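Student: Need a 3D model of the following:
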Amino acid sequence: MTFQEFLKKKDIEFSVRRYLIDALGAMAQGLFASLLIGTIIATIGQQAGIGCLVRIGGFAKSMAGPAMAVAIGYALHASPLVLFSLAAVGAAANELGGAGGPLAVLIIAIFAAEIGKMVSKETKVDILVTPLVTIVIGVSLSLWWAPAIGKAAQGIGSLIMWATTMRPFIMGVIIAVVVGMALTLPISSAAICAALGLTGLAGGAALAGCCAQMVGFAFLSFRENRWGGLLSQGIGTSMLQMGNIVRNPKIWIAPTLVSAVTGPMATCLFHLEMNGPAISSGMGTCGLVGQIGVYTGWLAGIEAGTRTAITGADWTGLIMISLIVPAVLTPLIGTFLRRIGWIRPGDLTLD
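Tutor: Numbers count the residues shown, from 1 in each chain. Here you go, the predicted structure:
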């Protein structure tokens, strides 16, 4: 058996799609099912004065590393023993990676999962060999690589946030457009923001770009998809339009232009900062996670003494960026594009 045949037998595929689309997207789901939902539960508990919810949220947040690693293993079609062993790998990589924990988990979990798959079911003592190899390889790589990966990710994220502070208009446009497009593409904007630790003004610009895509497409396609499409895209994902974008890329013009508007509005006009979990920066209006992230950041600022209260201007900025500007401006641009024939009847219809 050749090495290529062995890889095919083990379902190991070295490809951009497998690692940067499937694995990255799954990692975001694992992060959502632990850190994000835990943050939401804990915030509800804090605001309602329910201590039990705060504890539940805390437990959920503490499982971010294992949840991400297991999700990555699932996307890579790992066998059960490999999959379960990745929990320890994720815990080590996330803790040792510090602020860049999600990126460390992504890289190290991929290596551990693929090596674990290579030895899986190759011996008569598989129940010992497979978890042993997966955990030893994964945790060893975590000890070796994770601190450096964490520092690199933190450095890149800090550079982007510094650049946003120095050049808020230009960086607001760039971040909003790039992260917003990543949200619509079959990759994970949430995982990218989490991996780079994008918070502050940079996080606010990322949130603006994501909202422009989700809310923009929801209202742009309302005549085709009505209320079901409005909800599925507005609080679900604009990725639903990906098939239509492939058929006619011009339908992407309106929400992308709007993200180039709302990004600098967020950074220069409203000074919208995301000081909640970094992953929230890449979630847009999905389940209102982005808005909840901004709100938790406000609360954290009050507790830390960096702000005194949540003002009406804060709420105005958040609502304008998240909803009103994309909902109004995108259909207006879309009307022009329909008139010149760049958007045709049925181009935005969801299957």
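Student: and stretch 200-209, average pLDDT?
Tutor: Mean pLDDT, stretch 200-209: 96.
Student: I'd guessed P255 sits against P326; true?
Tutor: Yes: under the contact definition of CB atoms under 8 Å, P255 touches P326, with a separation of 7.2 Å. All C-beta spots, glycine's among them, are computed from the backbone N, C-alpha and C.
Student: Hmm, L220 and G229 touching each other?
Tutor: No: in this structure, G229 is not within contact of L220 by CB under 8 Å, at 9.8 Å.
Student: out of these two, which sits in the busier spot?
Tutor: Ranked by neighbour count (other CB atoms under 10 Å), G229 and L220 place L220 first, with 30 against 23.
Student: so how far is Y74 from that one?
Tutor: Distance, L220 to Y74, using CB to CB, to the nearest Å: 34 Å.
Student: which intervals of the stretch 51-200 of the chain have sub-threshold pLDDT?
Tutor: For the stretch 51-200 of the chain, the stretches with pLDDT under 70 are 99, 186.
Student: one more time with 50
Tutor: Scanning the stretch 51-200 of the chain for pLDDT under 50 picks out no residues.
Student: which residues in it form helices?
Tutor: Applying DSSP state H, counting those that start in this stretch to the stretch 51-200 of the chain gives helices spanning 51-62, 64-75, 80-97, 101-119, 126-166, 168-184, 189-196, 200-220.
Student: So which of those helices is nearest P264?
Tutor: Nearest of the helices of the stretch 51-200 of the chain to P264, taken as CB to CB: helix 168-184 at 3.8 Å.
Student: List the buried residues for the closest one?
Tutor: Residues 168, 171-184 are the ones in helix 168-184 that count as buried (16 or more other CB atoms under 10 Å).
Student: try stretch 256-268
Tutor: By neighbour count with 16+ other CB under 10 Å, stretch 256-268 contains the buried residues T256, L257, V258, S259, A260, V261, T262, G263, P264, M265, A266, T267.
Student: Give me the angle between the one helix or strand the fourth one maps to and helix 168-184.
Tutor: In the assignment (DSSP states H and E), S259 maps to helix 253-264. Computed by axes from the mean of the first three to the mean of the last three CA atoms, to 10 degrees, the angle separating helix 253-264 from helix 168-184 equals 140 degrees.
Student: Using PDB, write out every CA atom in helix 253-264.
Tutor: What follows is helix 253-264, C-alpha atoms only, in PDB (Å, rounded to 0.1, in the frame of the first residue of the first chain):
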ATOM      1  CA  ILE A 253     -22.000  44.500  -4.100                       C
ATOM      2  CA  ALA A 254     -24.700  46.200  -2.000                       C
ATOM      3  CA  PRO A 255     -24.000  44.600   1.500                       C
ATOM      4  CA  THR A 256     -20.200  44.900   0.900                       C
ATOM      5  CA  LEU A 257     -20.500  48.600   0.100                       C
ATOM      6  CA  VAL A 258     -22.600  49.100   3.200                       C
ATOM      7  CA  SER A 259     -20.000  47.400   5.300                       C
ATOM      8  CA  ALA A 260     -17.400  49.900   4.000                       C
ATOM      9  CA  VAL A 261     -19.800  52.600   5.300                       C
ATOM     10  CA  THR A 262     -20.700  51.100   8.700                       C
ATOM     11  CA  GLY A 263     -17.100  50.100   9.500                       C
ATOM     12  CA  PRO A 264     -15.800  53.700   9.700                       C
END
